[in-house]
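Novice: please find the sequence and the predicted model below.
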Amino acid sequence: MSHFKYHVFFCTNQREGGEMCCNNHGAADVRDYMKKRVKELGDRIPERVRINTAGCLDRCDKGPVIVVYPEATWYTYVDREDVDEIIESHLIGGKVVDRLKVD
């Protein structure tokens with residue numbers, strides 16, 4: 001059995017020359033926010049969760065992206081409210097947030 005139930009990888013890549021990338025959308029700040037919220041929620045999250053930083057996940061065309069393992073569920077987000085929804089629905093409730101899911 002794994003030490004963590006979920007691993008959440010945030011693309012925080014910053015490309016040079018103004019090329020489209022996740023960090024142009026504040027990905028590092030949103031990652032920090034999710035990490036803080038998961039820690040604050042503590043016992044509300046039934047299993048252990050690890051929030052990870054990733055380099056380029058090669059999905060720049062989808063906007064800022066995260067991927068949740070072990071299911072390999074890809075999400076995009078616009079703001080902290082989207083991240084809160086992913087926490088509540090997926091990490092706590094075990095249900096994918098279809099409106100934020102990307103293929």
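Specialist: Now that the structure is in, tell me what you want to look at. Given the structure is predicted, the values throughout are model-derived calculations rather than measurements.
Novice: what about stretch 85-103, average pLDDT?
Specialist: Stretch 85-103 carries an average pLDDT of 96.
Novice: got a list of contacts for that stretch?
Specialist: The contact list for stretch 85-103 (CB atoms under 8 Å, 6 or more residues apart in numbering) reads 6, 8, 34, 37-38, 41, 44-46, 49, 59, 62, 65-66, 68, 71, 73-77, 82. Any C-beta I mention is one placed from the backbone N, CA and C, and that applies to glycine too.
Novice: same deal with stretch 2-13?
Specialist: 21-23, 27-28, 30-31, 34, 46-57, 59, 64-70, 90-91.
Novice: hang on, the earlier thing: filter the contacts of stretch 85-103 down to the buried ones, ChimeraX style.
Specialist: A single ChimeraX command selects the buried members of these (16 or more other CB atoms under 10 Å):
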select :6,8,34,37,38,45,49,59,65,66,68,73,74,75,76,77,82
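Novice: now, which of the contacts of stretch 85-103 lie within strands?
Specialist: 6, 8, 49, 65, 66, 68, 73, 74, 75, 76 (DSSP state E).
Novice: export those residues to TSV and append columns for distance to residue 96.
Specialist: What follows is those, written out as TSV (distance: CB to CB, whole Å):
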residue	distance to residue 96
6	12
8	13
49	15
65	15
66	13
68	9
73	6
74	10
75	9
76	13
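Novice: of these, which is the nearest to residue 14?
Specialist: residue 65 (14.3 Å; CB to CB).
Novice: doesn't residue 23 make contact with that closest one?
Specialist: No. The criterion here is CB atoms under 8 Å, and residue 65 misses it with residue 23 at 11.5 Å.
Novice: residues near residue 56, how many?
Specialist: 14 (other CB atoms under 10 Å).
Novice: of all the ones in strands among the contacts of stretch 85-103, which two lie farthest apart?
Specialist: Going by CB to CB, the pair spanning the ones in strands among the contacts of stretch 85-103 furthest: 49 and 76, at 19.3 Å.
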